[in-house]
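Asker: Just the structure for this:
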Amino acid sequence: MLSFINSPLQIGSLTIPHRLIQGPLAGFSCAPFRELFNHFTPPAYAVSEMSSALDILHKHSANSRYVYRSPKEKILAYQISGTQENVMADAAATLQDFGADLIDINCGCPKIKIRKKGAGSALLENPDLLISIIRRVREVLHIPLTIKIRLQNNANDIQLAQQISDSGADA
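Answerer: From the prediction side, this is the model:
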């Protein structure tokens, strides 16, 4: 088990030194929280807490709580949510300009307030829109693109995962 965790992981053009990843925690995954992990066993990379693509474009600067990156952080993924292709692409491009190493699209959040907007895990119920978003975001990025999904426990899971991969997601 330890040999697997300690083995490198390739995500697109990025080689991750091991597989210990600090995942996003809503309300907590800001830079100071992520820095705490570096005092123990540093993660291969950390993921910011989920931010709305609209908020990235209209509310957050590079120094905002949701976007700020500590100089001590080595590899950082920013997680975004939304339902509009161009807004998602523009937010991803903005975060790439801010220095993101990866962009992660959230298709796993089960919170009702997120699902009501058609975002988070609700995107899995609209695969045509999801694939369209992935393709549009992929067009503007030169960094890896990952998709956080929540298995729906049905026969379409494998097919959707293949469509996600075929649409330009690196993982």
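
Asker: which stretches of the chain aren't confidently modelled?
Answerer: Residues of the chain that meet the criterion pLDDT under 70 lie in 1.

Asker: how about the helices in it?
Answerer: With DSSP state H, the ranges of helices along the chain come out as 2-5, 31-37, 53-58, 85-97, 112-115, 127-140, 156-166.

Asker: Now the last one: buried residues?
Answerer: Within helix 156-166, the residues scored as buried using 16 or more other Cβ atoms under 10 Å are 160, 163, 164. C-betas here are computed from N, CA, C, even on glycine.

Asker: which ones are touching the residue minimising distance to the centre of the chain?
Answerer: Taking Cα atoms, centre = their mean, the centroid of the chain lies closest to residue 104, which sits 1.6 Å from it. Residues near residue 104 by Cβ atoms under 8 Å, 6 or more residues apart in numbering: 24, 47, 77, 78, 79, 80, 145, 146, 147, 148.

Asker: Among those residues, which one lies nearest to residue 121?
Answerer: residue 148 (9.4 Å; Cβ to Cβ).

Asker: Name the nearest residue to the closest one, ignoring sequence neighbours.
Answerer: Nearest non-adjacent residue to residue 148, counting by Cβ to Cβ, 6 or more residues apart in numbering: residue 108, 4.4 Å away.

Asker: now swap in residue 55 and tell me
Answerer: residue 66 (7.3 Å).

Asker: ok, now how distant is that neighbour from residue 20?
Answerer: Per Cβ to Cβ, to the nearest Å, residue 66 is found 23 Å from residue 20.

Asker: Between these two, which is the more surrounded one?
Answerer: Taking neighbours as other Cβ atoms under 10 Å, residue 66 and residue 20 compare with residue 66 leading, 19 against 15.

Asker: re earlier: with the buried residues of helix 156-166 in mind, which one is nearest to residue 141?
Answerer: Nearest member of the buried residues of helix 156-166 to residue 141, counting by Cβ to Cβ, is residue 164, at 14.9 Å.

Asker: Now do the contacts for the closest one.
Answerer: 130, 131, 134, 147, 149.

Asker: The last one is in contact with residue 108, isn't it?
Answerer: Yes - in this structure residue 149 lies within contact range of residue 108 using Cβ atoms under 8 Å: 5.6 Å.

Asker: coming back round to it: could the buried residues of helix 156-166 be laid out in JSON lines, adding distance to residue 28?
Answerer: JSON lines is the format used below for those (distance: Cβ to Cβ, whole Å):
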{"residue": "160", "distance to residue 28": "29"}
{"residue": "163", "distance to residue 28": "32"}
{"residue": "164", "distance to residue 28": "27"}
